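>>> Next come a sequence and a model predicted from it.
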Amino acid sequence: MDGTGGTGGTPDRPNGLFVTGTGFLLPAVIWALYFAVVYSVQGAGCADAVQPPGPEGFGPLRAVLTILTLVALAAIAGTGLWSWLTWRRVRPAAEREVAFERSTFLARGTLLHAGLFFVATFWTGLPILLFDPCRGHMIW
Amino acid sequence: MVASRFIITGFIFFLIGGLLALLMRTQLIVPDNDFLTPELYNQLFTMHGTTMMFVFAVPIMEAFGAYLVPGMMGTRDLSFPRLTAYGYWCYLSGGVLLFSSFLIGAAPDGGWFMYVPLTSREFSIGMNQDFWLLGVTFIEIASIASAIELVVTILKSRAPGMSLNRLPIFAWYMLAVSFMIIFGFPPLVLASIMLEAQRAFGLPFYDVAQGGDPLLWQHLFWIFGHPEVYIIFLPAAGLASAMLPSLARTPLVAYPWLVLAVVGTAFLSFGLWVHHMYATGIPMLALSFFSGASMAVAIPSGIQVFAWIATLWAGRPQLSTPLLFIIGFIIIFVIGGLSGVMVAMVPFDWQVHDTYFVVAHFHYVLIGGMVFPLFAALFFYMPRYSGHLLSERLGKLSFWLLFIGFNVVFLPMHLTGLMGMPRRVFSYPADAGWSGLNLTSSLGTYVVAAGILVFIVNVLWHLRWGKPAEVNPWNAPGLEWANATPTPDFNIRSIPEVTSRDPLWDQEGLLERIREGDEYLSTAPEGKREVFTTSILDGRPQHVARLPGPTFLPLLAALATAAVFVGVLVSAYAAAAAGAAAFLIILLVWLWDPLPEKESKEVGKGLCLPIDIGDQTSSGWAGTIVFLLVDAAMFASLVYSYFYLWTVAEVWPPPSYQPSLDLPALIAAVLLLACLAAAVVAHYGATSGASGVALIGLAATVVSSAAALGVGFLAYLGFPFAIDSNAYAAVVGSLALCLGLHLLLALGASGFAIARIFAVGMTREHSLPVRVAALLTFYALLQGVIVYAVIYLSPDVTG
């Protein structure tokens, strides 16, 4: 990425991750990693080769999956908050100049992404509270 | 030129696929019909699905990308025109290979999803499935090639000032779709290679008796298969988004929200694949992850629909034929989307799985979501191709025939499915209660066929009698209309400075300035095809890139590739090897580009830029990185296969199968570290402009990678198993083979870079071959670390 790779920046020329394409994709990447990890952990935790005949209820596997979900939600909320702060910093200087317009667009886009992927993560993780990880039935 | 050829070929395959559907519906028009034999019916539904998904929908949408994106972004062509041509010839050859199976009565008949074990050698002895596996993989090369160049062109070759927030909305859609292809297609390519290896050489990846698992195929297929639906839908939605401002005569509403929706859909679509596998016995919690993601993807789809409606609401739309097709698209797609949310729910899906309800759902999504916008685009953009407008009267007739016919075919199918009729049956008994619904659906098919026939008549009519189109006949805001129609091959007379998302509406006099050559790169005194290479974020011009002229190399390369595929198909492996060797020789000639005759040139408006820079800002560098992403997706799929098989195995690895970290393996590891050091030296030489240092690093890379290959082969020979004895052995052997191939690639690239330095020299600005060789070496070494960890560490970790 060019132009805004640093972490500093001034109100006249905002800089940092959330005005770049990398920052723009961050909430989505966190969701993708979260999704891959919880699916893998669930699969590995319930594999025939490793699954012990453990107790039902809130066992260690569900605890790990729940913690992973909370971490992902916190990380996405964090990117949203940070991009919102970046957006506010960019906005007062918004004039018709390429870097400013682009910075505003990407910071705002990151915020929107954070909202979408927060919902997606919450929605994906909700069943962890409802189902036994390996046996499949509802536990409430 | 190539892009329009792509579109025409894709449309011909659409007609062929439609003809197959017509035959199927004729068979089902009455119960107990014997119009088709069951065997032929199986071939027809397999080839119908395969044609529509692989040979029509994806290629034609990518072709629209190749046709429109350069014009929309104010550039003259895609960044790698020869790759476009190679992709086209691969696509055409793959399609011909696939359909040639009918000539020997061996068309694929295992369904478009090719599930094992039905398609394993045990249950499919003939060449039917081999045609599918090789033909589809051949076509996928074309799709991946198009995706690579679309990504590079969109990120690296735009009009000056076209920052990401000013990117045409269709370019955002194509960028997202291209990345989806880059990550989504390799799993299927790998799965197909693995199935062909099982069929041809007995490597038992999917064979339960030898530690494999048929569900591995389903996972790899649907990791590709569900994003595929969005890969088809999103470009069409992008075309609708691109056309709506002209048709509604107002700027697109909620552009940032649409970008959010596109990128969001691209990511979420990779978390949906198991919703095609709800009935396979996967634990309920895992199903719920995918159910949740399947419902979440409705959010970005809803955002797009509301943005389109809002644009129509805010504007002053005229009910022209393209707009009719877009309105039809929105209506049908919303119905299909809602039934999609229904089948995303596990209990409901279990009731309708493999019934005609699902057939109705995905045709609403795919025909509504892709074919209707495609027809809108064909009407809208036809003047760019032919210079004439299509007949509105015939256009509206074809729309109503298609819209009514489509709903007559597919609306009753929801009921047919709910009443229990399964998919893929060649007939049904008279007392099943499905006769009336099937008759209605079949009659509707003929109405659809009539609509397409009217469209074809319209196209043929307009070529001779159509009203001549003026410049920008739709008063569109985008740069793709900044020229006379038909649009010349060079796309744009001069490349403008862009200050708006709708430049032809917001920048007064721009169209005239472009056409009179008052903008950038308006002349070509050196007789070269020149465009800008620009920065990714802000579209800042970095240098002038020179595009190659017409050549037979892509055709020859595609023929060599065809020799490989046909050779494998008919078990003539010597011919396949000869094809691969020929391909490599052609590739070397292809890559041997001359250096520019001067360092820089005036590009207009007092701006002077360097020519054809070969460093990390160049399109070639970006293309290499994107190619490695494709490769990484395939490698990741192989590693996934290893761990997936582990989760379903009772003992992993099988007793006495675990390789030991013996002396050859240790020496090979040390040699890989030597490769790393050598590549670092070569890269340093390139970035500092020291050709001597680069030569030393490259030579050391060649020597150490060759030694690592030799010693690594000894380590492979020391594995305590035969590669075809068990699924574990097959995957581990494949991982080792993969590492070997990548070391070979790094070795070849280093040798090529050495030859370039001796022949034409090297400076910091013209050091791309050295940088690419170092990058490929770094990448091979990264794979080496993972392969070593998987083979030698993970069995210990798993116990």
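Ah, there it is. Given the structure is predicted, the values throughout are model-derived calculations rather than measurements.

>>> Report whether the helix or strand containing residue B:325 contacts chain A.
Following DSSP states H and E, one finds residue B:325 within helix B:321-344. No: Helix B:321-344 lies out of reach of chain A by CB under 8 Å from any CB of the partner chain, never closer than 11.2 Å. For glycine as for every other residue, the C-beta is placed from the backbone atoms N, C-alpha and C.

>>> and that helix, what does it pack onto?
Packing contacts for helix B:321-344, counted by 3 or more CB pairs under 8 Å, 6 or more residues apart in numbering or on different chains; DSSP states H and E, involve helix B:214-248, helix B:284-296, helix B:298-314, helix B:346-352, helix B:356-366, helix B:372-386, helix B:392-418.

>>> Of all those helices, which one comes closest to chain A?
When the helices and strands packed on helix B:321-344 are compared by CB to the nearest CB, helix B:284-296 sits nearest chain A, at 3.3 Å.

>>> re the thing from before, could you pull up the mean pLDDT of the helix holding residue B:325?
Mean pLDDT, computed over helix B:321-344, is 96.

>>> okay, the angle between it and helix B:214-248?
For helix B:321-344 against helix B:214-248, the angle by axes from the mean of the first three to the mean of the last three CA atoms, to 10 degrees is 150 degrees.

>>> low pLDDT regions in chain B?
Under the criterion pLDDT under 70, the flagged ranges of chain B are B:795-799.

>>> May I see the domains of it written out as residue ranges?
Per automatic domain parsing, the structural domains of chain B span B:2-465, B:649-798.

>>> quick revisit: format the helices and strands packed on helix B:321-344 as JSON lines; extra columns: distance to residue B:104.
Formatted as JSON lines, the helices and strands packed on helix B:321-344 follow (distance: least, CB to CB, whole Å):
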{"stretch": "helix B:214-248", "distance to residue B:104": "25"}
{"stretch": "helix B:284-296", "distance to residue B:104": "40"}
{"stretch": "helix B:298-314", "distance to residue B:104": "43"}
{"stretch": "helix B:346-352", "distance to residue B:104": "37"}
{"stretch": "helix B:356-366", "distance to residue B:104": "29"}
{"stretch": "helix B:372-386", "distance to residue B:104": "32"}
{"stretch": "helix B:392-418", "distance to residue B:104": "32"}
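
>>> Save those helices as a markdown table, and put in mean neighbour count too.
A markdown table is the format used below for the helices and strands packed on helix B:321-344 (neighbours: other CB atoms under 10 Å in any protein chain shown):
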| stretch | mean neighbour count |
| --- | --- |
| helix B:214-248 | 25 |
| helix B:284-296 | 23 |
| helix B:298-314 | 18 |
| helix B:346-352 | 15 |
| helix B:356-366 | 22 |
| helix B:372-386 | 25 |
| helix B:392-418 | 20 |
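
>>> what's the most buried one of the domains of chain B?
Mean neighbour count, computed with mean count of other CB atoms under 10 Å in any protein chain shown, is highest for domain B:2-465 among those, reaching a mean of 21.

>>> Just give me how far it sits from the chain centre.
Chain-centre distance of domain B:2-465: 12 Å, with CA atoms, centre = their mean, to the nearest Å.

>>> Same question for stretch B:473-482.
Stretch B:473-482 sits 27 Å away from the centroid of its parent chain (CA atoms, centre = their mean).

>>> for it, which positions count as buried?
Within stretch B:473-482, the residues that count as buried by 16 or more other CB atoms under 10 Å in any protein chain shown are B:473-474, B:476-482.

>>> Could you work out the end-to-end span of that stretch for me?
11 Å (CA to CA, to the nearest Å).

>>> Can you tell me what sits against it?
Under the criterion CB atoms under 8 Å, 6 or more residues apart in numbering or on different chains, residues B:68, B:71-74, B:159, B:168, B:242-243, B:245-247, B:249, B:251, B:380, B:383-384, B:389, B:471-472, B:485, B:487, B:492-493, B:496, B:498, B:501-506, B:510-511, B:514-515 lie in contact with stretch B:473-482.

>>> mind redoing it with 6 Å?
Residues outside stretch B:473-482 that contact it (CB atoms under 6 Å, 6 or more residues apart in numbering or on different chains) are B:68, B:71-72, B:74, B:168, B:245-246, B:383, B:472, B:502-505, B:511, B:514.

>>> returning to what we had before: which of the domains of chain B sits closest to residue B:591?
Taking CB to CB, domain B:649-798 is the member of the domains of chain B nearest to residue B:591, at 6.9 Å.

>>> element containing the closest residue to residue B:401 other than its chain neighbours, please.
Excluding its sequence neighbours, the residue lying closest to residue B:401 (CB to CB, 6 or more residues apart in numbering or on different chains) is residue B:451, at 3.2 Å. Residue B:451 belongs to helix B:435-465 when elements are defined using DSSP H and E.

>>> ditto for residue B:674
helix B:663-688.

>>> Does anything pack onto that helix? Which helices or strands?
On a contact count with 3 or more CB pairs under 6 Å, 6 or more residues apart in numbering or on different chains; DSSP states H and E, helix B:663-688 meets helix B:691-717, helix B:768-788.

>>> quick one, the lengthiest helix in chain A and helix B:284-296 angle?
For chain A, the longest helix by residue count, based on DSSP state H, is helix A:60-90. Interaxial angle, helix A:60-90 versus helix B:284-296 (the same axes, to 10 degrees): 20 degrees.

>>> buried ones in helix A:60-90?
Neighbour count says helix A:60-90 has A:61-62, A:64-65, A:68-69, A:72-73, A:75-76, A:79-80, A:82-84, A:86-87, A:89-90 buried, by 16+ other CB under 10 Å.

>>> Residues of chain A that sit close to chain B?
A:2-3, A:28, A:32, A:35, A:39, A:42-43, A:46-49, A:98, A:101-102, A:105, A:109, A:112, A:116, A:120, A:123-124, A:127, A:131, A:133-134, A:136 (CB under 6 Å from any CB of the partner chain).

>>> Quick one, which of the residues you listed are buried?
A:3, A:28, A:32, A:35, A:39, A:42-43, A:46-47, A:98, A:101-102, A:105, A:109, A:112, A:116, A:120, A:123-124, A:127, A:131, A:133-134, A:136.

>>> So which of those belong to helices?
In helices, defined here by DSSP H, the members of those are A:28, A:32, A:35, A:39, A:42-43, A:98, A:101-102, A:105, A:109, A:112, A:116, A:120, A:123-124.

>>> Flag whichever of those scores worst on pLDDT.
When those are compared on pLDDT, residue A:98 comes out lowest, with 78.

>>> That residue contacts residue B:162, correct?
No: contact criterion CB atoms under 6 Å: residue A:98 and residue B:162 do not qualify, at 9.1 Å.

>>> coming back round to it: quick one, which of the helices and strands packed on helix B:321-344 is nearest to residue B:547?
Per CB to CB, nearest to residue B:547 of those: helix B:372-386, 20.0 Å.

>>> which outside residues touch the closest one?
By CB under 6 Å, 6+ apart, helix B:372-386 touches B:4, B:236, B:239-240, B:243, B:321-322, B:325-326, B:328-329, B:389-390, B:395, B:463, B:469, B:473, B:485-487.

>>> Then stretch B:146-159?
So stretch B:146-159 is contacted by B:62, B:65, B:73-75, B:78-80, B:83, B:87, B:171, B:174-175, B:178, B:181-182, B:495-496, B:498, B:531, B:533-534, B:536, B:539, B:619, B:622-623, B:626-627 (CB under 6 Å, 6+ apart).

>>> about what we covered before: what about the helix or strand just after the helix holding residue B:451 and chain A, touching?
Next in sequence after helix B:435-465, counting helices and strands by DSSP H and E, comes helix B:503-506. No: using CB under 6 Å from any CB, helix B:503-506 never reaches chain A; the gap is at least 10.8 Å.
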